[in-house]
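Participant: Next comes the sequence, and after it the predicted model I'd like to discuss.
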Amino acid sequence: MKIDIETVRYYSGLGDLVMLAWLAEGSKTGSDPLVFHRKRDPGLTELLGMQTDLEPGGVSMDAAFDIEVVDHGRKPRLDYIRQFLGIKTPLVRPALRISPEDEAWARQTAAELDGPPVILFPQCVWKPREWPASHWVDLAWKLKGGGIPVLLMYQGDDTRFRNTPLYHWNVPIPRIAALMKHASLVVGNDSFPAHLAGTVGTPTIALMGPTKATVFAHMPGVECLASGRIDCTGCHFQAPFRAACDQGCQSLFRLFPEEVFARIMVRLRTRR
């Protein structure tokens, strides 16, 4: 079956691509493996072992997203997609194709940090899903003060995060995946890095505001952390989501660095 994720409104981001890779890997056990029309991000699709076709065409999944939103995301996101596509094959974790060069870089980088780091991914394409920049900076310094090796990773020239203990920027995706293998924990928004870390198999905390935890239901290693201070948490972009929410999620504003730091420390202790 061919799926079009190049020209659709939804399910076209990098996080969606990682999520769909679980479907694609499972479909290889059946008689009709999934093929994706995707011209972008060849490094990521190769890393995930996804079969792509540059020729336009295929099934659009916009309707599956519309069904999920109307249903308020009550079921795991991949359940909506599987039902929409009529897929019966199981979900399977993709076997990542990491080159020896990227693995060597990751091993050396982790060694220079004096132990497996906590990696923070502060950026998010969608503003309503982004934990405030000030919270990320505060969290990084709390980890540093607690003696935890910490590294921020981001793309572009984002000066908001230069005042942090250590940061890397514009690292290629395959190297990010390789470094995640050497991390003790990954913390991110409801965005691509959290999906990738969960697929790598690294313990992950995803900071949630408007989106329900069902987005990550297929990855038991991803813990979804949200504020319980206001009733609209997990609105899944339905009422009471309003115009102001496009500029930032009030629930994420109320998820404080002290809470995330405390949860990180619990997760790190349980790993030892």
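Facilitator: Yep, that arrived.
Participant: buried sites along the helix or strand of the chain with the lowest mean pLDDT?
Facilitator: None of the helices or strands of the chain scores lower by mean pLDDT, DSSP states H and E than helix 62-70, at a mean of 91. By 16 or more other C-beta atoms under 10 Å, the buried positions in helix 62-70 come out as Ala64, Phe65, Glu68. Using the backbone N, CA and C atoms, a C-beta is placed for each residue, glycine as well.
Participant: mind checking how far stretch 185-203 is from the chain centre?
Facilitator: From the chain centre to the centre of stretch 185-203 is a distance of 5 Å (C-alpha atoms, centre = their mean, to the nearest Å).
Participant: now the end-to-end length of it.
Facilitator: 5 Å (C-alpha to C-alpha, to the nearest Å).
Participant: tell me the mean pLDDT over it?
Facilitator: For stretch 185-203, the mean pLDDT works out to 98.
Participant: What residues of that stretch count as buried?
Facilitator: Judged by neighbour count using 16+ other C-beta under 10 Å, the buried positions of stretch 185-203 are 185-200, 202-203.
Participant: the domain parsing of this protein - what is it?
Facilitator: Taking automatic domain parsing as the criterion, the chain consists of the domains 2-85, 106-271.
Participant: Can I get the buried residues of helix 62-70 in JSON lines including distance to Glu25?
Facilitator: Below are the buried residues of helix 62-70 laid out as JSON lines (distance: C-beta to C-beta, whole Å):
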{"residue": "Ala64", "distance to Glu25": "19"}
{"residue": "Phe65", "distance to Glu25": "21"}
{"residue": "Glu68", "distance to Glu25": "22"}
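Participant: Was I right to think Met265 contacts Gly146?
Facilitator: Yes - under the criterion of C-beta atoms under 8 Å, Met265 makes contact with Gly146 at 7.0 Å.
Participant: show me where this structure has strands.
Facilitator: Ranges of strands in the chain, per DSSP state E, are 2-4, 35-37, 59-60, 118-121, 150-154, 167-169, 185-189, 204-208, 222-226.
Participant: Tell me where the model's unsure across the stretch 101-250 of the chain.
Facilitator: Counting by pLDDT under 70, the stretch 101-250 of the chain shows no low-confidence range.
Participant: So which of the buried residues of helix 62-70 is the closest to Asn163?
Facilitator: Phe65 (37.2 Å; C-beta to C-beta).
Participant: for the closest residue to the closest one other than its chain neighbours, what are its contacts?
Facilitator: Excluding its sequence neighbours, the residue lying closest to Phe65 (C-beta to C-beta, 6 or more residues apart in numbering) is Tyr10, at 4.0 Å. Going by C-beta atoms under 8 Å, 6 or more residues apart in numbering, Tyr10 touches Asp16, Met61, Asp62, Phe65.
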